[in-house]
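Enquirer: sequence-free structure coming up:
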């Protein structure tokens, strides 16, 4: 699959995004306040408007109707314009198979249907979830990209055990909230970028091999013609070990909640 014209495919209901929920931003990705590169391979890209997407879900027990399903250039999942009964409009990351006209509810008494949001204590083991928060009042932080979902494996002693898309199994307090279902646009991983120019439009800059650099720039650099890396252990541009070296801080406070680490590809 080389690409989809999302504008034709999705926004037939609304030709333009909701004006009150968009704003422009300066393209300064990957740079700090001095303008220096802090994250490589980012920059440029097509102009885009930011959408104010709701990850707080603080309007509880008020039904909302999905008015349209729209493309968001800032994320891989589709977003939906929802209109609450009191008239407020918000954008939300939509789950798979939710169409305009569907009602979405954030409530402890909400039915277990795709798009509805409940505390983990109200959901059964085996339920697929996304937009997971880590506390009762926290924003949705986990499982937000296209096609992703987590699964409730077990519930015990005030915690729910969740299997995340990475394969990591961890405990989350059961008063934290999550949305039911799988994130929309599940075929996103089948899209073939196809050419370098499309990556540039996405704001992704080229990645240069270490062996093609000078010795001052990379441990693999230098030499006459093509050479081997000349070092026993693989390392990155700054000399830190790569390929299997654990980078997580072993003293991180949340390590006690991780039952099994994520699986490697």
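Expert: Arrived safely. What you see is a predicted model; the values in this text were computed from it and never measured. Residues are numbered from 1 along each chain as shown.

Enquirer: all strands of the stretch 101-250 of the chain, in order?
Expert: In the stretch 101-250 of the chain, the strands defined using DSSP state E, counting those that start in this stretch lie at 103-104, 117-119, 128-130, 132-133, 140-142, 150-156, 159-163, 169-173, 177-180.

Enquirer: quick one: closest of those strands to residue 16.
Expert: Comparison of the strands of the stretch 101-250 of the chain against residue 16 by Cβ to Cβ identifies strand 103-104 as nearest, at 22.4 Å. No exception for glycine: its C-beta is placed from N, CA and C like everyone else's.

Enquirer: show me the contact partners of the closest one.
Expert: Strand 103-104 is contacted from outside by 63, 64, 65, 66, 82, 92, 98, 115, 116, 117, using Cβ atoms under 8 Å, 6 or more residues apart in numbering.

Enquirer: ok, the most far-flung residue of the chain relative to its centre to residue 199 distance?
Expert: Residue farthest from the centre of the chain, counting by Cα atoms, centre = their mean, is residue 224 at 42.8 Å. Noted for residue 224: a distance of 31 Å to residue 199, by Cβ to Cβ, to the nearest Å.

Enquirer: before we move on, what about residue 141?
Expert: 27 Å.

Enquirer: helices and strands of the protein: which one bottoms out on pLDDT?
Expert: Lowest on mean pLDDT, DSSP states H and E among the helices and strands of the chain sits helix 6-10, with a mean of 62.

Enquirer: what's the helix or strand following that one packed up against?
Expert: The helix or strand immediately downstream of helix 6-10 is strand 22-24, counting by DSSP states H and E. Strand 22-24 sits against strand 49-51, with contacts defined as 3 or more Cβ pairs under 8 Å, 6 or more residues apart in numbering; DSSP states H and E.

Enquirer: what's the burial count for residue 168?
Expert: By other Cβ atoms under 10 Å, the residues close to residue 168 number 15.

Enquirer: the nearest residue to it once chain neighbours are set aside: how many residues sit nearby?
Expert: In space, and not counting its chain neighbours, residue 168 is closest to residue 262: 4.0 Å by Cβ to Cβ, 6 or more residues apart in numbering. Residues near residue 262, counting by other Cβ under 10 Å, number 14.

Enquirer: distance of residue 262 from residue 246?
Expert: 11 Å.

Enquirer: and the residue positioned nearest the centre of the chain, what pLDDT?
Expert: In the chain, the centroid-proximal residue (Cα atoms, centre = their mean) is residue 145; its distance is 3.6 Å. Residue 145 is assigned a pLDDT of 96 by the prediction.

Enquirer: wait, it sits on residue 76?
Expert: Yes - counting by Cβ atoms under 8 Å, residue 76 is a contact partner of residue 145 at 5.2 Å.

Enquirer: measure the residue nearest to residue 168 to residue 123 for me?
Expert: Residue 262 sits 22 Å away from residue 123, going by Cβ to Cβ.

Enquirer: same question, residue 260
Expert: Applying Cβ to Cβ, the value for residue 260 to residue 123 is 21 Å.

Enquirer: residue 227 now?
Expert: Using Cβ to Cβ, residue 227 is found at 56 Å from residue 123.

Enquirer: got it, and residue 195?
Expert: Distance from residue 195 to residue 123, by Cβ to Cβ: 43 Å.

Enquirer: quick one: which of those two has more around it?
Expert: Using other Cβ under 10 Å as the criterion, residue 195 and residue 123 rank with residue 123 on top: 19 against 10.
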